[in-house]
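Enquirer: sequence and computational prediction follow.
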Amino acid sequence: CSIFMAFVLQIPTQDTIRRVQRIQTVTIVWMTVEAAVALSAAWMARSPALLAFGGDSAIELFSAIVVLWRFRAHAAQEQSERHAARIAAVLLFMLAAYVAVASVMTLLGHSEPKTTYLGIVILIAAAAIMPWLAKEKRKLSAITGSAALRADAAESALCAYLSLVALAGLGVNAIWHLRWADPIAALVIVPLILREGWEAMRGKACGCC
């Protein structure tokens, strides 16, 4: 009887589904802006740290779209979720490899990251917005029992942490003109991206949530 009641409690109401759809829509809009601005600023400033953050934002956008689709379908599409998670994992591994190479090349003097105030602004905004999104998704994942939403909440929490690490690198470069700070911040981010990719491959949310 208790197992049956637990199952009943995990069935989301229409109001809960609408709340999930709203928070995922907000996530998609914000992540589109965040990824576009971060990657554009990274390209203009040749910033490995901003590249790592922007690339992760783009992959999180993909994750948010998958979760929104699942709740709009009103069905547990576990097979589709696993396929999407594997695709995201491969993209994360590729991103980590590219960021690592770009960071090492920068440290060796093949390129020089420039100060980007646009990048700093988007990182500050992400550090303020992403913890709120992660908190709301955690609440809704507890109500719905959705592993996909729980994983998405973990990615939002990680995005907030990545924004602080990247901001530290860009800030040191902007204030003290220490060019190595940017690629070092990127190299700090790489293991976190690899961990996120590994957890996505296993179909689990990372422990940072």
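Expert: Nice, I can see it.

Enquirer: need the helix or strand of this protein with the lowest average pLDDT.
Expert: Ranked by mean pLDDT, DSSP states H and E, the weakest helix or strand in the chain is helix 2-9, scoring a mean of 38.

Enquirer: next secondary structure element downstream of that one?
Expert: Sequence-wise, the next helix or strand downstream of helix 2-9 (DSSP states H and E) is helix 14-45.

Enquirer: what about that following helix, distance to the chain center?
Expert: 10 Å (Cα atoms, centre = their mean, to the nearest Å).

Enquirer: so what does the helix or strand following it touch, helix or strand wise?
Expert: Per DSSP H and E, the first helix or strand lying C-terminal to helix 14-45 is helix 48-73. Packing partners of helix 48-73 (3 or more Cβ pairs under 8 Å, 6 or more residues apart in numbering; DSSP states H and E): helix 14-45, helix 78-107, helix 117-144, helix 147-176, helix 181-202. To be clear about C-beta, it is placed using only N, CA and C from the backbone, and glycine gets the same treatment.

Enquirer: mean pLDDT, mean neighbour count and distance to A52 added to those helices, as JSON lines?
Expert: Output for the helices and strands packed on helix 48-73, formatted as JSON lines (pLDDT from 0 to 100; neighbours: other Cβ atoms under 10 Å; distance: least, Cβ to Cβ, whole Å):
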{"stretch": "helix 14-45", "mean pLDDT": "94", "mean neighbour count": "18", "distance to A52": "8"}
{"stretch": "helix 78-107", "mean pLDDT": "82", "mean neighbour count": "17", "distance to A52": "4"}
{"stretch": "helix 117-144", "mean pLDDT": "94", "mean neighbour count": "19", "distance to A52": "11"}
{"stretch": "helix 147-176", "mean pLDDT": "89", "mean neighbour count": "22", "distance to A52": "7"}
{"stretch": "helix 181-202", "mean pLDDT": "89", "mean neighbour count": "21", "distance to A52": "4"}
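
Enquirer: out of the ones you listed, nearest to A58?
Expert: Nearest of these to A58, taken as Cβ to Cβ: helix 14-45 at 4.2 Å.
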